[in-house]
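Need coordinates for the following:
(one chain, ligands or ions: 1)
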Amino acid sequence: MSLISFFKGKGLNGFGAGSTAEQVTEGIDLSGKTFLLTGCNSGLGLETLRVLSLRGAHVIAAARTQEKAENALLSVKADGHAVACELSNPASVRECVQSVEGHGRKLDGIICNAGIMALPKLQQKHGTELQFLTNHIGHFILVTGLLDLLVENGRVVVLSSSAHKMAPKDVGIEFDNLSGERGYSSWRAYGQAKLANLLFAEALAKRFEGTDKTANAVHPGVIRTNLGRHMNPVMNFTMAVSGPLFLKSVPQGAATQCLVATRPEVATTSGEYFADCNPAPTSSHGADAELAERLWTASEELVAKL
Ligand SMILES: NC(=O)c1ccc[n+]([C@@H]2O[C@H](COP(=O)([O-])OP(=O)(O)OC[C@H]3O[C@@H](n4cnc5c(N)ncnc54)[C@H](OP(=O)(O)O)[C@@H]3O)[C@@H](O)[C@H]2O)c1
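Down below sits the predicted model:
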């Protein structure tokens, strides 16, 4: 048994690091509700798809390709429909927005789950560093494009990471280096993208003030998934060996996002960062409202050019 499992009963509602997605959604009836979920075909996304569907939700399952999304739905026998959404391709994200609008369903929640981590060498698309483009900008286009479909008390959940603390220490977001050309480090760039995810949720929560809509960010824990595909072999080996004892399982990893997306106790919580199923502290950059607003403006400007 994983050591994490001992921390099941801690904190909010008795949930903690060891809780699973099934446990945090037990007794919650999601029939009639619709969630849009990115990265539905792997790791935490696939488990989230399975569990939301298990509780009765209709899931609009987004993956890089229609085929991947369809296979994901089939593999967990989920109720929902598939959409293609290649987050690093703005045209694909905009097509996804149109396709979701075309289905005519209102959205009870949007879970921005997809992501890539620690690309060893600088990769760019549309002149932008790929982790920032995929993890943040793609989701920014998706969510801002779908806000009109969000129900009155709709929830947006954005997957960040404790790695947001690895963002550039001095500035948090290097607005003058979003291309990565003036210096690149794999983990710093991942940290910056995950800080952007966190700040996006905060800035969105600000825009939701005075409504019943919420936006929150999540750190799922450390879980061995395909996310580690770009990590060096030593780190991968260490995770493989220590994983069963020290890391979360995929069902435990998917718990926090499922809790924030569905539990009634957090229906009015907004602008918060959750880890291990509970509110958690962020880095100082993560709590910087001015930085969040600057990021929003910079994202709008960047998106306008794409
Ligand atoms: N696992 C952890 O320890 C951990 C820790 C902190 C935060 N997180 C966050 O949790 C989220 C889920 O990660 P995971 O561990 O479940 O990783 P995963 O198994 O690698 O799943 C990532 C998902 O994102 C999708 N994706 C990647 N690039 C995409 C793109 N350009 N367009 C559309 N979809 C794309 C992947 O699709 P393909 O399969 O087609 O590549 C996959 O479905 C990520 O945001 C990650 O940053 C994870």
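
Now the spatially most central residue of the chain: closest residue in space that isn't a chain neighbour?
Central residue of the chain (CA atoms, centre = their mean): Leu159, 2.4 Å from the mean position. Nearest residue to Leu159, sequence neighbours excluded (CB to CB, 6 or more residues apart in numbering): Asn113, at 5.0 Å. Every C-beta, even on glycine, is put in place using the N, C-alpha and C of the backbone.

Next, count neighbours for Asp212.
13 (other CB atoms under 10 Å).

Could you find the closest non-adjacent residue to it?
Sequence neighbours aside, Asn153 is the residue nearest to Asp212 in space, at 4.1 Å (criterion: CB to CB, 6+ apart).

Same check on Ser88?
Thr134 (4.6 Å).

what's the longest strand along the chain packed up against?
The longest strand of the chain (DSSP state E) is strand 150-159. Judged by 3 or more CB pairs under 8 Å, 6 or more residues apart in numbering; DSSP states H and E, the packing partners of strand 150-159 are strand 107-112, helix 186-208, strand 214-219, helix 255-262.

Same question for it: list its buried residues.
Within strand 150-159, the residues scored as buried using 16 or more other CB atoms under 10 Å are Leu150, Gly154, Arg155, Val156, Val157, Val158, Leu159.

on that earlier part again, tell me which residues touch the residue nearest to Ser88, please.
When contacts are counted by CB atoms under 8 Å, 6 or more residues apart in numbering, Thr134 touches Leu87, Ser88, Ala114, Gly115, Ile116, Ala193.

one more time with 7 Å
Contact partners of Thr134, counting by CB atoms under 7 Å, 6 or more residues apart in numbering, are Leu87, Ser88, Gly115, Ile116.

I'd like to know how far it sits from Thr20.
In this view, Thr134 and Thr20 are 27 Å apart by CB to CB, to the nearest Å.

likewise Glu129?
Taking CB to CB, one finds Glu129 at 34 Å from Thr20.

what's the neighbour count on Arg55?
18.

Then Lys106?
Residues contacting Lys106 under the criterion other CB under 10 Å number 12.

Now it: closest residue in space, sequence neighbours ignored.
That would be Val151: by CB to CB, 6+ apart, it lies 4.9 Å from Lys106.

Verify the stated contact: that neighbour with Arg105.
No: the criterion here is CB atoms under 7 Å, and Val151 misses it with Arg105 at 10.0 Å.

which SSE is the residue lying closest to Asn232 once chain neighbours are set aside in?
Of all residues not flanking Asn232 in the chain, Pro120 sits nearest, at 7.6 Å (CB to CB, 6+ apart). Assigned by DSSP states H and E, Pro120 falls within no helix or strand.

Pro120 contacts Pro233, doesn't it?
No: assessed by CB under 7 Å, Pro120 is found out of contact with Pro233, at 11.5 Å.

So between these two, which is more surrounded?
Pro120 (10 against 7).

Kindly confirm my reading that Gly27 is in a helix.
No: looking at Gly27 with DSSP: H, G, I helix; E, B strand; the rest coil, it is coil, so not inside a helix.

Is Asp276 in contact with Ala17, as I believe?
Yes: checked against CB under 7 Å, the pair Asp276 and Ala17 is within contact range at 4.1 Å.

Now list whatever residues contact both of these two.
Joint contacts of Asp276 and Ala17 (CB under 7 Å, 6+ apart) are Gly221.

Distance-wise, check the residue nearest to Asn232 relative to Phe237.
16 Å.

With that, I have no additional questions.
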